[in-house]
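Colleague: Sequence and predicted model, in that order:
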Amino acid sequence: MPLGIYISVPFCRSKCSYCNFASDVFSRAVFQRYVDRVCSDIERAAQSAERMGERFERAVDSVYLGGGTPTILDITQLDRLFVKISQNFELQRDTEITVECAPGTLTAAVLEAFHRCGVNRVSLGVQSFIDIEAAAVGRLHKRATVVDDVARLQDAGISNINIDLIAGLPHQTAESWELSLAQAVVSGVPHASVYMLEVDEDSRLGRELIAGGTRYHAHFVPDEDVTADLYEMACERLDRAGIRQYEISNFAREGHESRHNLKYWTRQPYLGFGVDAHSMLQGAGRGRDFSRANSAQNNGPGFSPRDTGVESVRFAMSDSLEAYLADGPLQQTLVSPQAALEEAFFLGLRLSRGVDLTQVAAEFGEEAVAEFSATITEFVRAGLLERQSDMIRLTPRGRLLSNEVFERFISVTQEAE
Ligand code: SF4
């Protein structure tokens, strides 16, 4: 199965108040060292996987540069990353090659580099088309910047564009949100990602909201119910425009679903490089004796899944730039068949098409599916899941309460152990 490649570029021009990613503002002096390290990791990828008892095919059908703001790199650094990928992997002819961009960073030189490197998809971190909302969370662009960027990308032959939007930003109202959604539709982009503002300890705005303070415009953040209404508005508005919801946070015109993201939700293999980049490889353990595997667990290097029949291996780079540059250790997680079964449910249920129970039974056994039948029936009765023949999927209400649903799918297997 072809691989997906992800490269993290954790550098930004400024730190947005809601951001809980491992990205920040760093001196340009560190960019070269970072690119050197990522290139060296790409070269050593096969040996690193081998040490974990895994291997991968060199065929690749999806490359994604995310972050952070990859377009903050020098052009020669961007070029170098793409050259290194093409030297070490076999990019298929129709490979989806995406770069995340902050509006206002698409210079003529960047567009030329995209053309040279085969970039055919761009994801723009817009969040809001309303200038006061974007400014309140520290975004550096205005609505006009985004409109101009989209037009320039389309002129340059890149029409496969995603726009990220956030429901629940400070100062946002149903009226202003409607304007943002309308602008996204009118721009002609075939893909939109809509997230609800996350309130957690990992962002400055989240911490201020938890503390009940007023910094970062926290007192202008709509409450949870309003944010949920805004999310539902987005689902309806985009659907009316033919941009259909295919995942909890993702919407696309037919044929423009993100191949990169689909790999995560359908448990296909991918390799990530750079700060906080995650990887998932499977294959070495498949079809082997799983009797010694437990639930997902962390293990030190040198532990081979081939010896134990582990279903797949997940591993992540450090989320600290300093530790990453100092060659810090990988966080490795061995995924047992039981944990893989849970993933098949809670990742698959993120997709609008849902989970095919026949397929799950073919992969994990009839008994495994039977363990979930009472939970599925309960959620169908509660209006959070719907079932048609052997397909189960979240209802619109289930999407809003998806975390509660997913938690139950995990606890079912824990009870059964
Ligand atoms: S540009 Fe993106 S990654 Fe950077 S701080 Fe803002 S939200 Fe975070």
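Modeller: Now that the structure is in, tell me what you want to look at.

Colleague: Please tell me how far residue 276 sits from the ligand.
Modeller: Distance check for residue 276 against the ligand: by C-beta to the nearest ligand atom, to the nearest Å, it reads 11 Å. Yep, even glycine has a C-beta here, placed from its N, CA and C like the rest.

Colleague: and the closest residue in space to residue 105 that isn't next to it in sequence, how many neighbours does it have?
Modeller: Spatial nearest neighbour of residue 105, chain neighbours left out: residue 71 (4.2 Å); criterion: C-beta to C-beta, 6 or more residues apart in numbering. Other residues near residue 71 number 25, with proximity taken as other C-beta atoms under 10 Å.

Colleague: same deal with residue 273?
Modeller: 21.

Colleague: Same check on the one 5 residues further on?
Modeller: In terms of burial, residue 278 registers 16 neighbours under the definition other C-beta under 10 Å.

Colleague: what residues does this protein put near the ligand?
Modeller: Within reach of the ligand by C-beta under 6 Å from any ligand atom, the chain has these residues: 12, 15, 16, 19, 21, 23, 67, 68, 69, 102, 125.

Colleague: separation between the first one and residue 321?
Modeller: Pointing back at residue 12 there. Using C-beta to C-beta, to the nearest Å, we find residue 12 at a distance of 12 Å from residue 321.

Colleague: Please enumerate the shared neighbours of the two.
Modeller: Counting by C-beta atoms under 8 Å, 6 or more residues apart in numbering, the contacts common to residue 12 and residue 321 are residue 24.

Colleague: Hmm, residue 393 is touching residue 356, no?
Modeller: No: the pair residue 393 / residue 356 is not scored as a contact, 10.0 Å apart, by C-beta atoms under 8 Å.

Colleague: The two: which has the busier surroundings?
Modeller: Neighbour count, other C-beta under 10 Å: between residue 393 and residue 356, residue 393 has more, with 18 against 15.

Colleague: Let me see the contact set for the more buried one.
Modeller: 349, 351, 352, 353, 354, 355, 385, 386.

Colleague: What is the burial count for the fifth one?
Modeller: Right, residue 354. 18.

Colleague: Then the first one?
Modeller: Counted with other C-beta under 10 Å, residues neighbouring residue 349 total 23.

Colleague: thought it was touching residue 407?
Modeller: No: contact criterion C-beta under 8 Å: residue 349 and residue 407 do not qualify, at 11.8 Å.

Colleague: Quick check: which element contains residue 165?
Modeller: Residue 165 is part of strand 161-167 when elements are defined by DSSP states H and E.

Colleague: now residue 6
Modeller: Secondary structure (DSSP H and E) places residue 6 in strand 3-9.

Colleague: same deal with residue 57?
Modeller: Using DSSP H and E, no helix or strand contains residue 57.

Colleague: burial of it, as a residue count?
Modeller: Per other C-beta under 10 Å, the neighbour tally for residue 57 reads 12.

Colleague: again with the one 10 residues further on
Modeller: The burial metric for residue 67, expressed as a neighbour count using other C-beta under 10 Å, is 25.

Colleague: Could you pull up the residues touching it?
Modeller: 8, 9, 10, 11, 12, 21, 23, 100 are the contacts of residue 67 under C-beta under 8 Å, 6+ apart.

Colleague: Could you find the closest non-adjacent residue to it?
Modeller: residue 9 (4.1 Å).

Colleague: That neighbour and residue 64 touch, don't they?
Modeller: No: using C-beta under 8 Å, residue 9 and residue 64 do not qualify as a contacting pair, with a distance of 10.8 Å.

Colleague: From the contact counts, what lies against the strand holding residue 6?
Modeller: Of the remaining helices and strands, those touching strand 3-9 by 3 or more C-beta pairs under 8 Å, 6 or more residues apart in numbering; DSSP states H and E are strand 59-67, helix 75-88, helix 259-265, strand 270-273.

Colleague: What helices and strands are in contact with the third one?
Modeller: In terms of contact count using 3+ C-beta pairs under 8 Å, 6+ apart, helix 259-265 is assigned the packing partners strand 3-9, strand 59-67, strand 90-101, helix 337-348.

Colleague: Comparing these, which yields the minimum mean pLDDT?
Modeller: If these are sorted by mean pLDDT, helix 337-348 sits at the bottom with a mean of 92.

Colleague: Which elements pack onto it?
Modeller: Applying 3+ C-beta pairs under 8 Å, 6+ apart, one finds that helix 337-348 makes contact with helix 259-265, strand 355-356, helix 357-364, helix 402-416.

Colleague: relative to helix 357-364, how tilted is it?
Modeller: 150 degrees (axes from the mean of the first three to the mean of the last three C-alpha atoms, to 10 degrees).
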